[in-house]
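Q: Model the structure of this input:
(chains A and B)
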Amino acid sequence: MTALEFTIVVWALSVLAGFLGALTGLGGGVVVVPALTLALGVDMKYAIGASLVSVIATSSGAAAAYVREGFSNIRIGMFLEIATTIGAIVGAFLAARVSTHALAIVFGLILLQAAYMSFKGMPENAELVESDALATRLRLGGAYPVEGSPEQYGVRNVPAGFAMMFGAGALSGLLGIGSGAVKVIAMDRVMRIPFKVSTTTSNFMIGVTAAASAGLYLKHGYINPQVAMPVMLGVLAGALVGAKFLVHMRVKTLRVVFGAVILALAIEMLVNGFTGKV
Amino acid sequence: MDDRRLENIIGQLLRAGVLLAAATVVSGGALYLAVHHADRVNYRVFVAGGPDTSTFSGIMRSAAHLESLGIIQFGLLILIATPVARVAFAIAGFALERDRLYTVVSIIVLLILLASLMHAT
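A: Model prediction:
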């Protein structure tokens, strides 16, 4: 393949990944890494490096839009960021030390989980709770607009959520993904934060988490300019278009199709990881 | 200034940062393709790049010489800086609100980020 062909093909794949990632809320990383490694034979370390920078681009690029809606809780985000950034450094540290086969297997498992989430839809928690003692002390509760008027919500189980965020950060650093799904589960399911607040706060956190592994990725040469250039530009373009479409589209059918694609990618990634081909 | 207004300004700044980064990456990419478009490439085997693409000072030097790959990496550094800037803005915001707890929390996050980025220098 010539450099021009490679750039165009990778860009096009990345646009698609960013678009689908935005529509399903799973992010572009989980699609772009298997697409690059399985379809184009790109070494997984280049793929996760390119994915990591595209994750930062989508998170920072979408910040303005999310703020306008008034859902994200910057206190919750910042507090949990202590866990995700430390986790991300540990993950990036491990990524440089484990074999590519092992990375492929872990990635395959994450894809299985993403496929499951895609079929089932993100579990939405509508019930509002009162803050428990620790969350009150940390002033994590807030208000968010429900049909125009602000509604108060509380936060619970801070230690468990914090621990899970460490895991989300580690996965992000290990695999170059945003691990937004794990962050949303930690906030929505474990900490009982309203779904809308969880997803938008997760978007805020994804970029900061990814930035924590960027230094190690750069140092180890995972961020290759020729690979990262089309990936970052493609995922960003796809995500921006996807965010616009989100309002007008019925996502359910798409989610089933997308889930099937991810399931196929998961199986292929696992097989390749176990047979040592990736 | 309330939380929302501050967040809104930060959001706009971040988007500007992302667009600047993307524009830089596009220029570096165009320069790279202008010269190397017909090169045979594959990225099947991982080879760690030299300092020109993997260290802060190397990237700055390479970009200053208008080398295409250095310009792309410089654009990616701008991108990596956007979440760091976001945390720095949050520190300023919480400090203005005299929210001591969250000023400290944000400072901790910034220190973790900076400690990690130090690896690349």
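Q: you'd agree A:Gln152 is in a strand?
A: Yes. Assigned with DSSP: H, G, I helix; E, B strand; the rest coil, A:Gln152 falls within a strand.
Q: First-to-last residue distance for stretch B:39-59?
A: 23 Å (C-alpha to C-alpha, to the nearest Å).
Q: Give me the residues contacting that stretch.
A: A:1-3, A:6, A:40-43, A:45-46, A:100, A:218-221, A:223-227, B:61-62, B:67, B:69-70, B:73-74, B:77, B:120-121 (C-beta atoms under 8 Å, 6 or more residues apart in numbering or on different chains). Glycine gets a C-beta too; all of them are placed from N, C-alpha and C.
Q: Which members of those residues are classed as buried?
A: For the contacts of stretch B:39-59, a neighbour count by 16 or more other C-beta atoms under 10 Å in any protein chain shown gives the buried set as A:1, A:3, A:6, A:40, A:42-43, A:45-46, A:100, A:218-221, A:223-227, B:62, B:67, B:69-70, B:73-74, B:77, B:120.
Q: buried residues in the least confident helix or strand in chain B by mean pLDDT?
A: The weakest-scoring helix or strand in chain B, judged by mean pLDDT, DSSP states H and E, is helix B:51-54 (a mean of 88). When burial is assessed from 16+ other C-beta under 10 Å, helix B:51-54 yields the following buried residues: B:Asp52, B:Thr53, B:Ser54.
Q: what's the average pLDDT for the helix or strand following that helix?
A: Per DSSP states H and E, the first helix or strand lying C-terminal to helix B:51-54 is helix B:56-64. For helix B:56-64, mean pLDDT rounds to 94.
Q: For chain A, which segments count as helices?
A: Assigned by DSSP state H, the helices in chain A fall at A:3-24, A:29-34, A:40, A:44-69, A:74-95, A:100-120, A:133-137, A:158-175, A:180-185, A:195-219, A:225-245, A:251-275.
Q: Equivalent analysis for chain B, please.
A: Remark: helices assigned in chain B by DSSP H are B:3-36, B:51-54, B:56-64, B:68-96, B:100-117.
Q: Check what contacts stretch A:159-170 and list those residues.
A: In contact with stretch A:159-170 (C-beta under 8 Å, 6+ apart) are residues A:79-80, A:82-91, A:94, A:134, A:179, A:182-183, A:185-187, A:190-191, A:209, A:212.
Q: Which positions in that stretch come out as buried?
A: Buried-residue list, stretch A:159-170, by 16+ other C-beta under 10 Å: A:Gly161, A:Phe162, A:Met164, A:Met165, A:Phe166, A:Gly167, A:Ala168, A:Gly169, A:Ala170.
Q: ok, so of the residues you listed, who is nearest chain B?
A: When these are ranked by distance to chain B (C-beta to the nearest C-beta), A:Gly169 comes first, at 10.2 Å.
Q: Quick check: the gap between that closest one and A:Met117.
A: In this view, A:Gly169 and A:Met117 are 19 Å apart by C-beta to C-beta, to the nearest Å.
Q: just to revisit the earlier point, adding mean pLDDT, write the helices of chain A out as TSV.
A: Output for these, formatted as TSV (pLDDT from 0 to 100):
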stretch	mean pLDDT
helix A:3-24	90
helix A:29-34	88
helix A:40	92
helix A:44-69	87
helix A:74-95	96
helix A:100-120	89
helix A:133-137	95
helix A:158-175	96
helix A:180-185	88
helix A:195-219	91
helix A:225-245	91
helix A:251-275	85
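Q: Please work out which of those helices is packed deepest.
A: helix A:29-34 (a mean of 30; mean count of other C-beta atoms under 10 Å in any protein chain shown).
Q: Quick check: next helix or strand after it?
A: Sequence-wise, the next helix or strand beyond helix A:29-34 is helix A:40, with elements assigned using DSSP H and E.
Q: which helices and strands sit right next to that next one?
A: helix A:3-24 (3 or more C-beta pairs under 8 Å, 6 or more residues apart in numbering or on different chains; DSSP states H and E).
Q: what does the stretch 1-150 of chain A put close to chain B?
A: Residues of the stretch 1-150 of chain A lying near chain B by C-beta under 8 Å from any C-beta of the partner chain: A:1-4, A:6-7, A:40-43, A:45-46, A:53, A:56-57, A:59-61, A:63-68, A:70, A:72, A:74-75, A:78-79, A:81-82, A:85-86, A:88-89, A:92, A:100, A:138-139.
Q: Show the end-to-end separation of stretch B:25-45, please.
A: With C-alpha to C-alpha as the measure, what separates the two termini of stretch B:25-45 is 24 Å.
Q: Would you mark the buried spots in it?
A: Within stretch B:25-45, the residues scored as buried using 16+ other C-beta under 10 Å are B:Val25, B:Ser27, B:Gly28, B:Gly29, B:Leu31, B:Tyr32, B:Leu33, B:His36, B:Tyr43.
Q: Quick test: name the residue nearest the centre of chain B.
A: B:Ile80 (2.5 Å; C-alpha atoms, centre = their mean).
Q: Let me see the confidence value for it.
A: pLDDT for B:Ile80: 96.
Q: so it touches A:Ile56, yeah?
A: Yes. With contact defined as C-beta atoms under 8 Å, B:Ile80 reaches A:Ile56; the gap is 6.2 Å.
Q: what do the two both touch?
A: Counting by C-beta under 8 Å, 6+ apart, the residues touching both B:Ile80 and A:Ile56 are A:Ala211, A:Ala214.
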